[in-house]
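> A structural model of the following input is requested.
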Amino acid sequence: MQFMDKTDRIFVAGHRGMVGNALVRRLEAEAFSNVVTRERSQLDLTDESAVAKFFEKERPTIVIVAAAKVGGIKANNDYPVEFLVENLRIQNNVIRAAHENGVRKLLFLGSSCIYPKFAPQPIPETALLSGPLEQTNEAYAIAKIAGVKLCQAFSREYGANFISAMPTNLYGPNDNFDLETSHVLAALMRKAHEAKTRNDQKLVVWGTGKPRREFLHVDDLASACLLLLEKYDSPEIINVGCGEDISIRELAELICDVVGFDGELAWDTTKPEGTPRKLLDVSKIRALGWKPAIPLRDGIVRTYDWFRANCV
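Modelled structure (predicted):
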């Protein structure tokens with residue numbers, strides 16, 4: 001095991017996204033002085049030759065793959081080709097270039113949606129590929145599984161220290177609040193804010209409110225990533241979550257309370273709501289000494305403050 005040095009050249013792929021942004025903030029707060037980033041206009045990660053040239057020139061020692069095309073149920077359902085092709089291109093290019101340019105350690109960020117729709121709860125890492133995927137985000141899940149398998153293949157064939165972490169549902173500053181493409185927490189926050197602004201009497205939420213989800217603040221994920229870069233060297237995937245879940249109904253009520261919307265909730269049961277429950281088994285990362293620091297209500301308050309400052 002080789003510990004990280006504060007001068008390590010760390011490339012954060014996807015630094016403008018919610019996760020990448022949190023990682024850069026965390027690295028800078030911990031006094032890492034050599035963080036490398038590129039805007040999409042400077043480096044198109046779907047362009048193989050551009051990625052190869054970037055790695056040859058910059059020679060990072062550590063790489064975090066936080067770049068991906070992401071979206072909620074609607075976007076995943078509407079654009080499966082784009083979710084599959086773009087994500088495969090990004091991760092294939094970055095992971096291969098990392099190996100070819102002698103990167104010491106790479107962290108690939110997957111997603112809890114890689115697990116089967118009816119996986120045992122809480123979901124252990126061993127559930128991967130043990131059953132059919134949730135149909136609505138199958139394309140994204142398959143791309144992420146391919147990324148995991150590519151990292152494991154480089155580890156097995158070449159001895160590369162390429163690790164993969166599977167975060168649960170994330171939220172926080174820099175989340176996507178576009179109702180067409182956002183995930184559930186951000187979408188509910190925007191809907192509640194707009195309903196309050198318009199003095200609406202009710203707020204329409206997709207589904208029945210019964211599915212249960214786990215939510216982790218993105219700053220907690222960033223702290224977990226640093227710990228994994230320091231302490232985890234296995235090619236086997238590792239879950240990152242808080243170990244607790246909440247129903248969508250409870251989440252909607254909590255968000256309305258934080259936002260100050262006091263109308264009623266109306267449930268549109270004609271809309272899809274995904275897998276019935278998704279809670280990760282986080283015993284592996286807990287055993288490494290990590291646990292989240294931001295309670296859900298506090299995290300939602302912080303996120304709403306950020307939303308009002310940046311999106312209204």
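
> CA only for contacts and neighbour counts going forward, please
OK.

> for this structure, which segments count as strands?
10-13, 35-36, 62-65, 105-109, 162-167, 169-171, 202-206, 212-213, 215-217, 238-240, 246-247, 264-268, 277-278 (DSSP state E).

> pipe these into TSV and attach mean pLDDT, distance to residue 145 and mean neighbour count per row.
Formatted as TSV, these follow (pLDDT from 0 to 100; distance: least, Cα to Cα, whole Å; neighbours: other Cα atoms under 10 Å):
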stretch	mean pLDDT	distance to residue 145	mean neighbour count
strand 10-13	98	18	25
strand 35-36	97	26	18
strand 62-65	98	14	24
strand 105-109	98	11	24
strand 162-167	98	10	25
strand 169-171	96	17	23
strand 202-206	94	28	17
strand 212-213	94	21	19
strand 215-217	98	21	25
strand 238-240	98	13	25
strand 246-247	97	26	17
strand 264-268	96	32	14
strand 277-278	90	17	24
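
> mind putting the ones you listed in CSV, distance to residue 79 included?
Formatted as CSV, those follow (distance: least, Cα to Cα, whole Å):
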stretch, distance to residue 79
strand 10-13, 23
strand 35-36, 31
strand 62-65, 22
strand 105-109, 21
strand 162-167, 22
strand 169-171, 20
strand 202-206, 19
strand 212-213, 23
strand 215-217, 25
strand 238-240, 27
strand 246-247, 27
strand 264-268, 22
strand 277-278, 23
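
> do you know which of those strands lies nearest residue 229?
Nearest to residue 229 among the strands of the chain is strand 105-109 (7.2 Å), distances taken as Cα to Cα.

> mind giving me the packing neighbours of the closest one?
strand 62-65, helix 138-158, strand 162-167, helix 218-231 (3 or more Cα pairs under 8 Å, 6 or more residues apart in numbering; DSSP states H and E).

> any chance of the ones you listed in JSON lines, plus distance to residue 82?
JSON lines is the format used below for those (distance: least, Cα to Cα, whole Å):
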{"stretch": "strand 62-65", "distance to residue 82": "18"}
{"stretch": "helix 138-158", "distance to residue 82": "9"}
{"stretch": "strand 162-167", "distance to residue 82": "21"}
{"stretch": "helix 218-231", "distance to residue 82": "25"}
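
> quick one: which of the strands of the chain is nearest residue 75?
Comparing those against residue 75 with Cα to Cα, the closest turns out to be strand 202-206 (14.4 Å).

> report the angle between the axes of the closest one and strand 264-268?
Comparing the axes of strand 202-206 and strand 264-268 via axes from the mean of the first three to the mean of the last three Cα atoms, to 10 degrees yields an angle of 30 degrees.

> can you pull the pLDDT of residue 116?
Turning to residue 116, the model gives it a pLDDT of 94.

> isn't it up against residue 138?
No. Assessed by Cα atoms under 8 Å, residue 116 is found out of contact with residue 138, at 9.7 Å.

> follow-up on the earlier one: among the helices and strands packed on strand 105-109, which is the most enclosed?
Of the helices and strands packed on strand 105-109, the one with the most neighbours on average (mean count of other Cα atoms under 10 Å) is strand 162-167, at a mean of 25.
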